[in-house]
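Student: Need coordinates for the following:
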Amino acid sequence: MHALNNTGDLAEAVQCAHRAIEMEPGKPEHQSILSVILEHASDFEGALAAAEDASRLNPADKRLKARVEALRARI
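Tutor: Predicted coordinates:
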């Protein structure tokens, strides 16, 4: 998924992230990656929603909490 993000095809990267979430909905890593991709696509509200989902899946991860707060500050 990171390779798609690096090629600049953000729409395809978003689709891949959504497929990964569908296949393994309990993995916060997929939501976190989607958040980063959406942020690169300037979809800050979508990025925040994905980061919040990731944080709910892994509430002990302080980096996810910090990401949520940083995205909230951008909106």
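
Student: Please count neighbours and contacts with C-alpha atoms only from this point.
Tutor: Fine.

Student: any idea how far the residue most central in space within the chain lies from Gly46?
Tutor: Centre of the chain computed as the mean C-alpha position; nearest residue by CA atoms, centre = their mean is Ser35, 1.9 Å away. According to CA to CA, to the nearest Å, Ser35 stands 7 Å off from Gly46.

Student: Likewise for Ile75?
Tutor: On the measure of CA to CA, Ile75 and Gly46 end up 11 Å apart.

Student: quick one, helices of the protein?
Tutor: Under the criterion DSSP state H, the chain carries helices at the ranges 2-7, 10-23, 28-40, 44-57, 62-74.

Student: Tell me which of those helices is the most buried.
Tutor: Scoring the helices of the chain by mean neighbour count under mean count of other CA atoms under 10 Å gives helix 28-40 as the most buried, with a mean of 23.

Student: Residues contacting that helix, please?
Tutor: Applying CA atoms under 8 Å, 6 or more residues apart in numbering, the contact partners of helix 28-40 are 5, 10, 13-14, 17-18, 20-21, 44, 46-51, 53-55, 57-58, 64.

Student: quick one: low-confidence parts of this structure?
Tutor: Segments of the chain classed as low confidence (criterion: pLDDT under 70) are 1-8.

Student: Please repeat the previous calculation with a cut-off of 90.
Tutor: For the chain, applying pLDDT under 90 flags the ranges 1-9.

Student: was I right about Ser55 contacting Ala66?
Tutor: No. Proximity of Ser55 to Ala66 does not meet the contact threshold set by CA atoms under 8 Å, at 9.5 Å.

Student: quick one: contacts for Leu48?
Tutor: Ser35, Val68, Leu71, Arg72.

Student: so what's Ala17 up against?
Tutor: Met1, His30, Gln31, Ile33, Leu34.

Student: same question, Ala47
Tutor: Ala47 makes contact with Leu34, Ser35, Val36, Ile37, Leu38, Glu39, Leu71 under the criterion CA under 8 Å, 6+ apart.

Student: can you check Lys65 too?
Tutor: With contact set as CA under 8 Å, 6+ apart, Lys65 has these partners: Glu52, Ser55, Pro59.
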